[in-house]
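> the sequence and its predicted three-dimensional model are supplied below.
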Protein chains: 2
Amino acid sequence: MPEATVPAPSPARPGSTPSRAPLFLRACRREAVERTPVWIMRQAGRYLPEYQALRAKHDFLTSCRTPELACELTLQPVRRLGVDAAILFSDILIPLPGMGVPVEFRPAPVILGVVKGRADVVALRTPDAKEATPFVLDAVRLIRRELGGAVPLIGFAGAPFTMAAYLVEGGGSKSFAAWKGLLFSDPATAHLLLEKCAAVVASYLGEQVKAGAQAAMLFDTWAGILSPADFRTFALPYARRVFEAVASLGPAPEGGPPPRLYYGGETGGFLESCAEVGADVLGLDWRIGLDAARRRLGPGIALQGNLDPAVLLGPPALIRARTAAILREARSKEEGSGEGERPGSSPGHVFNLGHGILPVTPADHAQVLVDAVRELSTRSAP
Amino acid sequence: MPEATVPAPSPARPGSTPSRAPLFLRACRREAVERTPVWIMRQAGRYLPEYQALRAKHDFLTSCRTPELACELTLQPVRRLGVDAAILFSDILIPLPGMGVPVEFRPAPVILGVVKGRADVVALRTPDAKEATPFVLDAVRLIRRELGGAVPLIGFAGAPFTMAAYLVEGGGSKSFAAWKGLLFSDPATAHLLLEKCAAVVASYLGEQVKAGAQAAMLFDTWAGILSPADFRTFALPYARRVFEAVASLGPAPEGGPPPRLYYGGETGGFLESCAEVGADVLGLDWRIGLDAARRRLGPGIALQGNLDPAVLLGPPALIRARTAAILREARSKEEGSGEGERPGSSPGHVFNLGHGILPVTPADHAQVLVDAVRELSTRSAP
C-alpha cells in the first residue's frame, strides 16, 4: 500500500559541511543546520483528504494496529508536505490494552476499566512491548524501509503521568478531580501506578527505538494540570526514568543516540523543571515566546515549536508573517530580544506547531507553513 | 432572607498601626498587614450544603437576577468560613442578554444567538448597566447593607476577551477554533466585537463600583489560549480600557480607590504582559510558583493565589502543608528562594485558590484552608 515517492533528503547548502545525519536529527542535537527543520504535531490527521479517504475504510484502532495502514498514514504527510521528519501513526493509549485496560475510540478515547484504587493498580500488567504491541514495532520497521532514509522517523509514547491520568479519569477531563484526588489522598497508590506506567512506556518506547525509530518523543499532554512542585513529584521523575531507559540502549546503528523529545502543554510556569526531564529537545506550546523560553533555559537544550495551530486558519500572508516572527524569536540571543531581527535558521530549533494541527485546517495552509519555514529559514544574511 | 450574623472585622495585631481600611483592601494596596487575607474563587458554590439547599428552590439565572437571592448566596461563605472578602454572586455572562444575546444555563452556559460574523457584531447592543442589569446593582447595594462593613465586597465581570470568546464559541471550547478563526481571518471584526464588549464591561463593572463594590475584578478565563503577542493585541488593551474606566470614577466614598484585580488562567508564559493590564492585584493559577512570579514581576503589584483547588480533595494535613508552602513562597524575596523560610504574612499577597473551588470539595476542607491561612500567616517571627 505505501508508495515509495517520498522526498529526497534535503541538499546541503553549498559551502557548508553538514554531518551525514539528517537535518532534523542535527537540529535536535544543536549542530549546525543549513535551514530550520519542520514537522507538524498530528501531521497524519483529519485535515488531509487522503487521510479521510483511508480512515473511511478502516477505523482508528484498526489503523493503529495494522502495520501497512499505520505506515501509509505515517507517509501521507511526508509525501504531500515535504516535512523533515515522519512520526509514527499511533496513539498514546495504544499500550493500555496490554496492561489489561481496553480502550475504544468513539472517536474520543473511552477507557473501559477505569483505575479507581489500589487493587486496580495492583492488577495492572506491565508487559514487554514485544509481546503486547508487536504491531507497532512491525509498523516502525515497515515505515523505515518505505522511507528509505528520506527523513527520520520519530517514535513516541504518552509520558507516564499523562497515561496514568487517562487510566484514572477514563478520558479527558476539565478539572482532573479523580486523578488529582488520588495524587493528594493516596500518593502511595499514585506512585505505584506511575511506576507501572513508566515500566510499560520504557519498554514501549525503547522497543520502537530498537525497531528503528531514530528519535523518541514523550507527550506529557496533561503535565500542565500540575503545580511546579507537583510536577517535580509526580511527572518529572517518571518521564526521566523512561528517557534514561531509552538512553541506555546505546547509539543507533546509523550512529549517534536517538534524540529524546519532551512535550508538555501549558508548562510555561515551570519550563526549568521540564528541562530536567533528560530530553535533548523541549517542545513548547504557543503560550510562551521562544525568546523568553531561551532566556530562561539557556543554550543547553533544543527547542521545538511553537506556532498556535489556529494561525493556520488565517490567510497565507498571516501564516508567513507568524512563521517569520517565530524564526526571529528562535534567533534572539539569550539576553537580546528578537525584535527587528531577520528570520533565518538557528541551531537548536525545530519548527512545529505548539499543539496538534486542528482537523478544520485547510491542507494547503499546512503547505504554506512548511514552505514558509523552508524559505524564510534559509534566507541568507545581508 | 439574609441573616445579619456575619463575622466582626478582624482585630489588628497589638502594636501595629493598620489603617482603617479592611485587611483585604490593604493587602491589595500592598500596605502592611497583620496577617494574609484569604477568600476563595467560587466561594459561593455547589460545595456548600446551604447553597445546594437554596439552589434546589431557585434556578441559577433566577438566583443571579434576584437581589435577595444573590445577597444570600454571597453571604453564605462569609458566614460559614470567615473569609476576608465577599464576592458578588453572579456570572460573567450576565451582561449578554442586554447586548441582545440570550443565555441559558443547562447547567453549562449555552449562548443562544452565537456571533458568527460582522453583521452579528454590528447588531450587538452596548447598553448602560443601569438599564440592562439593574438587578445586579440592587444586589450590590443590598449586600453592602447586609455586610455592615464586616468584610469588603468584590464586584466582578468577565474581561472583554473572554466575553467575546463566549459570544463567538457559544460556550466553552477545547480549541476555540471559531473565535481564533475570527481573530486571525477577520481581525477588524474581532476588534469591533472586543470594543463593544469593553464598553459593556466598563459600564457593568463601573456601575457595580458606584453601587458600592469596594474592589473590581476582571476574570479573563480564556486569556491563556493566546500567544504572548496575541494577548497583547486582543486581550490586554481591552482589559486595560475597562480598568481605566473604573479608575476614572475616582475614590470610593470610604476613601481610597477600589483595587482592581485581574485573573487570567494559564498565563504563566507571559505574566509580564498581564501585569500591564492596570491591575493592583494579579491573580495567578497554580501552574507557577509565587516566588517565581515575584522574581519576574518585581515588587510593584500584589499577587493573589494560588493553591491548586484539587489540594482541597486531600486530607487536612496536606491542605495545611500546602498552605504553608504558598505562604513561604509569597514571603521569598525577589532574588531569594522560599525554601526553608517559615510561613507568615507578606505585604502584597492575597491568599486564594488558583481557580474556582471544585464542586466535589468537602465544605469542611475549605474551612481547614481558611483557618490555616489565618493561623500560619500570623505566626510571629522567632
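Alright, I've got the coordinates. The model shown is predicted, which means the values in this text are computed figures rather than measured ones.
> does stretch A:35-48 reach chain B?
No: Stretch A:35-48 does not reach chain B (CB under 8 Å from any CB of the partner chain); its nearest approach is 11.6 Å. The C-beta positions use only the backbone N, C-alpha and C, and glycine is treated the same way.
> how far does that stretch sit from its chain's centre?
10 Å (CA atoms, centre = their mean, to the nearest Å).
> near chain B, which residues of chain A are found?
When proximity is defined as CB under 8 Å from any CB, chain A approaches chain B at A:175-177, A:180-181, A:183-185, A:224, A:226-230, A:266-270, A:286-289, A:292, A:308-311, A:313-315, A:318, A:325, A:354, A:358, A:360.
> among those, which lie within helices?
A:177, A:180-181, A:183-185, A:228-230, A:292, A:318, A:325 (DSSP state H).
> buried ones among the residues you listed?
Buried members of those, counted by 16 or more other CB atoms under 10 Å in any protein chain shown: A:177, A:180-181, A:183-184, A:228-230, A:292, A:318, A:325.
> surely residue A:112 meets residue A:100?
No: look at residue A:112 against residue A:100 with CB atoms under 8 Å: they stay out of range, at 10.6 Å.
> pick out the residue closest to the middle of chain A.
Centrality entry for chain A: nearest residue to the mean C-alpha point is residue A:217, 4.9 Å, by CA atoms, centre = their mean.
> ok but that residue is inside a strand, no?
Yes: counting by DSSP: H, G, I helix; E, B strand; the rest coil, one finds residue A:217 located in a strand.
> ok, now which ones touch it?
Residue A:217 is in contact with A:87, A:154-157, A:260-263, A:283, counting by CB atoms under 8 Å, 6 or more residues apart in numbering or on different chains.
> avg pLDDT for stretch A:151-170?
On average, the pLDDT along stretch A:151-170 is 98.
> what about it, how long is it end to end?
End-to-end span of stretch A:151-170 (CA to CA, to the nearest Å): 36 Å.
> try stretch A:104-120
Across stretch A:104-120, first to last residue, CA to CA, it's 19 Å.
> cool, and stretch A:114-133?
Using CA to CA, the two ends of stretch A:114-133 sit 21 Å apart.
> now do the buried residues in it.
Buried, per 16+ other CB under 10 Å, within stretch A:114-133: A:115, A:120-121, A:124, A:126-127, A:129, A:132-133.
> where in chain A is pLDDT low?
Counting by pLDDT under 70, the ranges of chain A that qualify are A:1-19, A:251-255, A:333-341, A:379-382.
> residues contacting the residue nearest to residue A:25 when sequence neighbours are not counted?
Using CB to CB, 6 or more residues apart in numbering or on different chains and skipping the chain neighbours, the partner closest in space to residue A:25 is residue A:152 (5.5 Å). When contacts are counted by CB under 8 Å, 6+ apart, residue A:152 touches A:22, A:24-25, A:85-86, A:214-215.
> quick one, which of these are buried?
By neighbour count, with 16+ other CB under 10 Å, the contacts of residue A:152 hold A:22, A:24-25, A:85-86, A:214-215 as buried.
> now, which of these lie within strands?
Among the buried ones among the contacts of residue A:152, DSSP state E puts A:86, A:215 in strands.
> tell me which two of the buried ones among the contacts of residue A:152 sit farthest apart.
A:25 and A:86 (12.4 Å; CB to CB).
> so where do the strands sit in chain A?
Per DSSP E, chain A carries strands over the ranges A:86-87, A:103-105, A:109-111, A:153-158, A:215-220, A:260-264, A:281-283, A:302-307, A:349-353.
> and residue A:96, how far from chain B?
Computed as CB to the nearest CB, to the nearest Å, the residue A:96 to chain B distance reads 22 Å.
> what's near enough to touch that residue?
Neighbours of residue A:96 in contact, by CB under 8 Å, 6+ apart: A:102-103, A:111, A:163, A:166-167.
> need these in CSV (columns: distance to residue B:276).
Shown next, in CSV, are the contacts of residue A:96 (distance: CB to CB, whole Å):
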residue, distance to residue B:276
A:102, 50
A:103, 45
A:111, 43
A:163, 39
A:166, 38
A:167, 42
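> just the buried residues from those, in PyMOL please.
One line in PyMOL is enough to select the buried members of the contacts of residue A:96, burial here meaning 16+ other CB under 10 Å:
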select buried, chain A and resi 103+111+163+166+167
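> and the two most separated of the contacts of residue A:96?
Across those, no pair lies farther apart than A:102 and A:163, at 14.8 Å, counting by CB to CB.
> out of the contacts of residue A:217, who's nearest chain B?
Distance ranking of the contacts of residue A:217 against chain B, using CB to the nearest CB, places residue A:283 first at 13.7 Å.
> burial measure for the closest one, as a count.
27 (other CB atoms under 10 Å in any protein chain shown).
> what's the answer for residue A:43, then?
28.
> look up how far residue B:350 lies from it.
To residue B:350, residue A:43 is 45 Å away according to CB to CB, to the nearest Å.
> residue A:35 now?
49 Å.
> those two: which is more packed in?
residue B:350 (27 against 21).
> can you list the strands of chain A in a markdown table and add distance to residue B:202?
A markdown table is the format used below for those (distance: least, CB to CB, whole Å):
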| stretch | distance to residue B:202 |
| --- | --- |
| strand A:86-87 | 47 |
| strand A:103-105 | 46 |
| strand A:109-111 | 43 |
| strand A:153-158 | 45 |
| strand A:215-220 | 40 |
| strand A:260-264 | 37 |
| strand A:281-283 | 39 |
| strand A:302-307 | 33 |
| strand A:349-353 | 36 |
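> of those, give the one that comes closest to residue B:58.
strand A:109-111 (35.7 Å).
> identify the residues contacting the closest one?
In contact with strand A:109-111 (CB under 8 Å, 6+ apart) are residues A:91, A:93, A:96, A:101-104, A:166-167, A:169-172.
> what about residue A:149, how many neighbours?
12.
> wait, what's in contact with the residue of the stretch 1-150 of chain A found nearest chain B?
For the stretch 1-150 of chain A, the residue closest to chain B is residue A:108, as judged by CB to the nearest CB, at 10.2 Å. By CB under 8 Å, 6+ apart, residue A:108 lies in contact with A:171-172.
> same question for residue A:77.
When contacts are counted by CB under 8 Å, 6+ apart, residue A:77 touches A:40, A:43-44, A:48, A:83, A:86, A:366.
> please name the nearest non-neighbouring residue to it.
Nearest non-adjacent residue to residue A:77 (CB to CB, 6+ apart): residue A:43, at 3.9 Å.
> hmm, the one you found is touching residue A:82, no?
No: with contacts counted by CB under 8 Å, residue A:43 stays clear of residue A:82, the gap being 11.1 Å.
> can you give me the offset of stretch A:312-327 from its chain's centre?
So, by CA atoms, centre = their mean, the centroid of stretch A:312-327 is 22 Å from its chain's centroid.
> again, but for stretch A:38-50
Taking mean C-alpha positions (CA atoms, centre = their mean), stretch A:38-50 and its chain are 13 Å apart.
> buried set for that stretch?
In stretch A:38-50, counting by 16+ other CB under 10 Å, buried: A:38-45, A:47-48.
> buried stuff in stretch A:57-64?
Neighbour-count burial for stretch A:57-64 [16+ other CB under 10 Å]: A:61, A:63-64.
> got these as CSV, with distance to residue A:75 columns?
Output for those, formatted as CSV (distance: CB to CB, whole Å):
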residue, distance to residue A:75
A:61, 20
A:63, 13
A:64, 15
